[in-house]
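[1] Make a model of this:
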Amino acid sequence: MQEALKNTPVFVLFYLVPMGLTYVLPYLGSNSSILNALTFGLNPFFWLHILACLSLVVICSVRGRIIGKDSLLMFPILALIFDFAPLLNLIPFVPTVFHVMAMAVGAGAAVTSVSARRQLPL
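    So this is what the prediction gives:
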């Protein structure tokens, strides 16, 4: 997966697929606090939504290490918080802003080698 994420269009495609799920699954009750309380956390759409959000974190973590921006994974983490935290999930477009920022920073940076980043300047 690390080799694939060195390619910017592949990173964007890998990011867009789970991100799309995070927009479709709430219509099925995946981030509903009431539905998840009534089903005692057994709502399969909830777990699929969590899996999609965690896959975004992993994708940004790997891409961040590749491009030398380890903090790239903060964007999907913040989007996850705004997707699931009660009352915060009622604020529209905040997860969208974080997703767009993750794709912009992740796609806009040049791929650097890990050894080049760790060399001391002369």
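
[2] so how far is stretch 85-105 off the chain centroid?
    Offset of stretch 85-105 from its chain centre (CA atoms, centre = their mean, to the nearest Å): 10 Å.

[3] if you average pLDDT over that stretch, what comes out?
    Averaging pLDDT along stretch 85-105 gives 91.

[4] what do you get for stretch 4-22?
    In this model, stretch 4-22 carries a mean pLDDT of 93.

[5] Please export the C-alpha coordinates of that stretch as PDB.
    Output of stretch 4-22 as PDB, limited to C-alpha atoms (Å, rounded to 0.1, in the frame of the first residue of the first chain):
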ATOM      1  CA  ALA A   4       0.600   2.800  -4.200                       C
ATOM      2  CA  LEU A   5       0.200   5.900  -2.000                       C
ATOM      3  CA  LYS A   6       3.300   7.500  -3.400                       C
ATOM      4  CA  ASN A   7       1.200   8.200  -6.500                       C
ATOM      5  CA  THR A   8      -0.900  11.300  -5.900                       C
ATOM      6  CA  PRO A   9      -3.900  10.300  -8.100                       C
ATOM      7  CA  VAL A  10      -4.000   6.900  -6.300                       C
ATOM      8  CA  PHE A  11      -4.000   8.700  -2.900                       C
ATOM      9  CA  VAL A  12      -6.900  10.800  -4.000                       C
ATOM     10  CA  LEU A  13      -8.800   7.800  -5.300                       C
ATOM     11  CA  PHE A  14      -8.100   5.800  -2.100                       C
ATOM     12  CA  TYR A  15      -9.300   8.700   0.000                       C
ATOM     13  CA  LEU A  16     -12.400   9.400  -2.000                       C
ATOM     14  CA  VAL A  17     -13.900   5.900  -1.800                       C
ATOM     15  CA  PRO A  18     -14.100   5.700   2.100                       C
ATOM     16  CA  MET A  19     -14.900   9.400   2.200                       C
ATOM     17  CA  GLY A  20     -18.000   8.800   0.000                       C
ATOM     18  CA  LEU A  21     -19.200   6.100   2.400                       C
ATOM     19  CA  THR A  22     -19.000   8.700   5.300                       C
END
